[in-house]
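Trainee: I would like to see how this sequence folds:
(2 chains)
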Amino acid sequence: MTRRIDPPRLAVYLLERVLSRDSRDAVVGDLDEDFRQDVLPRVGATRARIWYWRQVLSLGRAYATERLHAQHFRSTSLRSDTMRHDIRDALRTIVRSPGYSLITVAVLALGIGATSAIFSFVDGVLLRPLPYADPERIVIVWEKPPGGTRNSVSTENFRDWQRQNDVFDIMVASAGMGVTMSGATEPTRVRGSRVSAGYFEIFGVRPALGRTFAPDEDQPGKEKVAVITYRLWQRAFGGDPTVIGRSVVMNREPHTILGVMPAGSAFDRGSNDVWRPLAFGPGEQTRNYHWLQVIARLKPGITVEQARARMEPIGARIAVQFPESNKDWGITLERLVDVSVNSSLKQSLQLLMAAVAMLLLVGCANLANLALARGTSREREITVRAALGASRWRLVRQFLTESLLLSAVGGLLGIAAGYAMMRGLKLLLPPFFLPREAMVTIDLRALAFALGVSVVTGLLFGTAPAFHAGRTDLTGSIKGSSRGVTSDRIRRRVRDGLVVIEVALACLLLVGSGLLMRSFMRIQQVEAAKDPATLLTANLFTTDARFERPDDARLFYRQVIERASAVPGVKTVALSSALPLQGWGYGMPLRISGRPAGAANSRGGAGFKMITPSYFEAIGLPIIRGRGLQDSDRAGSVSAIVVNQAFADRYFPGEDPIGKHVLIEEIVPGRRQLGPEIPWEIVGVVGNELVGGLTSTRGAGVYVTIEQQPIYGLSMVVRTSSEATVTAAALKAAVHEIDPNQPFTDVRTIAEIMDESAAPDRLRTWLIVLFGITAGLLAAIGIYGVISYSVAQRTHEIGLRAALGANRRRLMGLVMGRATILTVLGLTAGLAAAIASTRLIATLLFGVDPRDAISLAGATLLLGVVAMIAAYVPARRAAAVDPLVALRVE
Amino acid sequence: MRRVRDLPPLGEFELLVLLAVLRGDGEVYGATILKDLAQRTGRAVSRGALYVTLDRLEAKGYVSSRTGDPAPARGGRPRRYYTVRPTGLALLRQSLDALRQMSDGLALKLKHP
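Mentor: Purely as a prediction, here's the structure:
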């Protein structure tokens, strides 16, 4: 027996929904019968199903129209309010022209979706108030170093400020300090901070579970407690509420868990997972080691300026009291609101918002054009209505109702699309890229925004045809003549104007796309290190208590180098206090020996890295003068320092720095303390390493050996020859042979670090390019629409010309000429706008001039060619017009 | 009841559908009417239009329908058979009369060349 084939179940279901109960069986049964007895044996299963679907669509449309008609007649006879009447009329028109409605809704949904998605970011990052209590009263307090703007704060200065100020309700400090959690499971490294007891009070965020620190818990002896994030609570403790009060081993010491911060709060979006009290140990009570971030809450009624004015004398007093550490150091402060978003992110978001708004405008212009063209074909309908006594306002209202209805549907779909896009974009951003204060979501605000945009769009693309409808020339249309009416010329001008606007906006967007794309290509060419894919990195975190004496650390590092070098596939092993692209790690004030105080360049600061001598070779940093660092640069021998080119240029312009001395205070390992000044002798100059990210400027920096300036906690850089992942496992094993408890984390290649560093640029670039290309296509469609419409309108005229002897070329020229004028006008306006607005994009570009000729010319050429192609298709149609047919049109 | 004379005249499609129902002698339903129309007129007839028209004709009282027994050949759904009612018949007659009056004597002109 052959398999029984049934009609498509979904189609049957949908059909049953459409039909009333008493006609359901008859109609569906008939269709079933035809399907089985007639269609299926004739055309086979697949085509029979397609046939079924088409029948269902035909039925659906017929019944929907019928029902609207019926309601229409009922409502007019009852003289119900015109609003409902308008909506019903509009619905009927929409059902009657599904193609037009579908295009309109799709363009709107995409436009509104993209706009809402970008808006959700703009809103979350830039517009929304910070998610804290009285956020405008939260300030960050900095030390102001001599010749600098802001600097981290030392322990004793912070304590003096805390005691002496009278402008803050509360002032706290925090220092980033990760923890290694061990105990039940394998030791895991978790990001964290040590914070003063009142830290959470500053923000006014309460824990979801348990409590935060009591006022005295940042005193030595009481500080073995911790507050954790909701994230960590779920991940490490399975959301078990009994975790409160439980003892967990952190950095090899038991800590009691006090509380869990709420999910969805700023504390759940930052990179920190653990907070511990900041109790100052004996090695941390210093004045010259700057390591704290200080946050404070202004007393009610105190302004930032008043606070700054009240703090300055305190700074001056401390500088007089402790000249050896604080001479020329001051205090400065800024509001958290002003600094929580960095300027590059702010500009990127503004740029994206502007771009997406332009795209939406192009879409609107396109729809308005489409609606106008359609208005022509509906002229009879309008005229009849007008002749039957419909007022002009009534006609306008009907058009507006239609477009508003379409844009409402588009808006609803757009919200769904926007939500999906927002989720997608969030996934594409590197973790913790957005400030923790930014809550990006589509909520009531974003919904209100999307709905507002829908209404405005509806008005924008609905107004032109609506007002045109109100101005229809009755006699001309009723006679059926389609030419030579004044209103027709006005309409043509409006449509031409819309196309010019579309081309101009698309041109502007494409120029922006070109600039960002070229800038991004430049970024891709930046080499953070030679051959970054075979350069493996890892972090070797250690706690301060890990080594008793600096010599223990030296020994450990030597063992690591030795064991790691023996791993197969490893070419060079180096240790460094900071990895390429990850900042300098340390920045040190310095003096140049032999220069009188007050002389130019006698003192300043520089980035400071502690490395093993193999570091330069590992990352491929060239030695420009003198020598690199050597294994013989160890404790007991002359203190040797290598400076970078930027340092040489800044402190020794036109001089040979080799042999000169730089005075830098000693960093005491494992403590927050600086020792006496060490006279470092410059032995070499190296190229500038990329420190702050791929597009960072290269500042002055110096390198010394770990042997001569040991610290605890380093990163590893390994040049490998074989596959990096295989080597990584062997390296980890080698390190664990020395110390099984040594964390070996964040294993990545430099190529991966570069990739992450470029991710925001990449995302921004592709978004703008996507918007630009879409706008370009929409503009081309606009040109195609206008030109083919005009060809259709002028068929008679073209036929006449052809009959009178105009050849193909002339006819094509006639049509193309108009397209060319529109395109050139649009491109000119677009280029002018692009050149005028270069300032807005300039700061986002890297290595590309904002008036870059290639981008300007490329965008113009691309858009010009696409526009000409769009015009060529209808032009060819015009040239092919048969004079006989054309003249018979009337 | 209103006089047939006062009723609005039938539309062309309504006329065709009424004729098809009349031809069926009370034994026709949607599927057969659709087939008959398509075969005789030689044009594609929209399924949706047919049912909507049948509903309309029934609502105006020109045709009546009865529900048959559930038929296994069509998923156990009963057919709905249509019959022309007197009003429909009178209106049909009137329309055809009008057509005949108007086409009288035009046979030669209407013949295919």
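Trainee: Buried residues, stretch A:799-816. List them.
Mentor: For stretch A:799-816, the neighbour count (16 or more other C-beta atoms under 10 Å in any protein chain shown) marks A:799, A:801-802, A:806, A:811-812, A:814-816 as buried. Placement of C-beta: from N, CA and C, glycine included.
Trainee: Stretch A:450-457 too?
Mentor: A:450-451, A:453-454, A:457.
Trainee: mind checking pLDDT for residue A:389?
Mentor: Here the pLDDT value assigned to residue A:389 is 68.
Trainee: Tabulate the buried residues of stretch A:450-457 in JSON lines, adding columns for secondary structure, distance to chain B and pLDDT.
Mentor: JSON lines is the format used below for these (DSSP: H, G, I helix; E, B strand; the rest coil; distance: C-beta to the nearest C-beta, whole Å; pLDDT from 0 to 100):
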{"residue": "A:450", "secondary structure": "helix", "distance to chain B": "35", "pLDDT": "82"}
{"residue": "A:451", "secondary structure": "helix", "distance to chain B": "35", "pLDDT": "82"}
{"residue": "A:453", "secondary structure": "helix", "distance to chain B": "36", "pLDDT": "82"}
{"residue": "A:454", "secondary structure": "helix", "distance to chain B": "32", "pLDDT": "82"}
{"residue": "A:457", "secondary structure": "helix", "distance to chain B": "33", "pLDDT": "79"}
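Trainee: Let's have those in TSV, adding distance to residue B:39.
Mentor: Output for these, formatted as TSV (distance: C-beta to C-beta, whole Å):
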residue	distance to residue B:39
A:450	53
A:451	53
A:453	54
A:454	50
A:457	50
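Trainee: Just the closest of those to residue A:201, please.
Mentor: residue A:450 (37.4 Å; C-beta to C-beta).
Trainee: which residues touch that closest one?
Mentor: Neighbouring residues of residue A:450 by C-beta atoms under 8 Å, 6 or more residues apart in numbering or on different chains: A:112, A:115-116, A:119, A:411, A:414-415, A:418, A:442.
Trainee: ok, so of the buried residues of stretch A:799-816, who is nearest chain B?
Mentor: residue A:799 (28.2 Å; C-beta to the nearest C-beta).
Trainee: coming back round to it: and which of the buried residues of stretch A:799-816 is nearest residue A:393?
Mentor: Closest to residue A:393 out of these is residue A:815 (37.7 Å), distances taken as C-beta to C-beta.
Trainee: Who are the packing partners of the host helix or strand of that closest one?
Mentor: In this structure, residue A:815 is located in helix A:808-836 according to DSSP states H and E. Packed against helix A:808-836, as judged by 3 or more C-beta pairs under 8 Å, 6 or more residues apart in numbering or on different chains; DSSP states H and E, are the following elements: helix A:486-525, helix A:750-793, helix A:795-803, helix A:853-879.
Trainee: pLDDT on the second one, on average?
Mentor: Pointing back at helix A:750-793 there. In this model, helix A:750-793 carries a mean pLDDT of 87.
Trainee: Taking their axis directions, it and helix A:486-525 sit at what angle?
Mentor: 160 degrees (axes from the mean of the first three to the mean of the last three C-alpha atoms, to 10 degrees).
Trainee: before we move on, back to that, could you single out the nearest of the buried residues of stretch A:450-457 to residue A:586?
Mentor: Out of those, the member with the shortest distance to residue A:586 (by C-beta to C-beta) is residue A:450, at 48.0 Å.
Trainee: Figure out the helix or strand that the residue nearest to the closest one when sequence neighbours are not counted lives in.
Mentor: Nearest residue to residue A:450 in three dimensions, chain neighbours excluded: residue A:116, at 4.3 Å (C-beta to C-beta, 6 or more residues apart in numbering or on different chains). Element membership of residue A:116 [criterion: DSSP H and E] is helix A:98-122.
Trainee: helices and strands around that helix, which ones?
Mentor: helix A:343-377, helix A:392-428, helix A:444-470, helix A:750-793.
Trainee: Could you name the stretch from the ones you listed that's closest to residue B:107?
Mentor: Using C-beta to C-beta, these put helix A:343-377 closest to residue B:107, at 39.5 Å.
Trainee: In the closest one, which residues are buried?
Mentor: For helix A:343-377, the neighbour count (16+ other C-beta under 10 Å) marks A:345, A:347-349, A:351-373, A:375-376 as buried.
Trainee: Now the phi/psi pair for residue A:733, please.
Mentor: Dihedral pair for residue A:733: phi -60, psi -40, per degrees, to the nearest 10.
Trainee: related to what we said a few turns ago, doesn't residue A:448 make contact with the residue nearest to residue A:450?
Mentor: No. Counting by C-beta atoms under 8 Å, residue A:116 stays clear of residue A:448, with 10.4 Å between them.
Trainee: These two - which one has more neighbours?
Mentor: residue A:116 (28 against 10; other C-beta atoms under 10 Å in any protein chain shown).
Trainee: Can you tell me how far the closest residue to chain A within chain B is from residue A:64?
Mentor: Using C-beta to the nearest C-beta, the closest approach of chain B to chain A is made by residue B:48 at 2.6 Å. Here residue B:48 is placed at a distance of 9 Å from residue A:64 (C-beta to C-beta, to the nearest Å).
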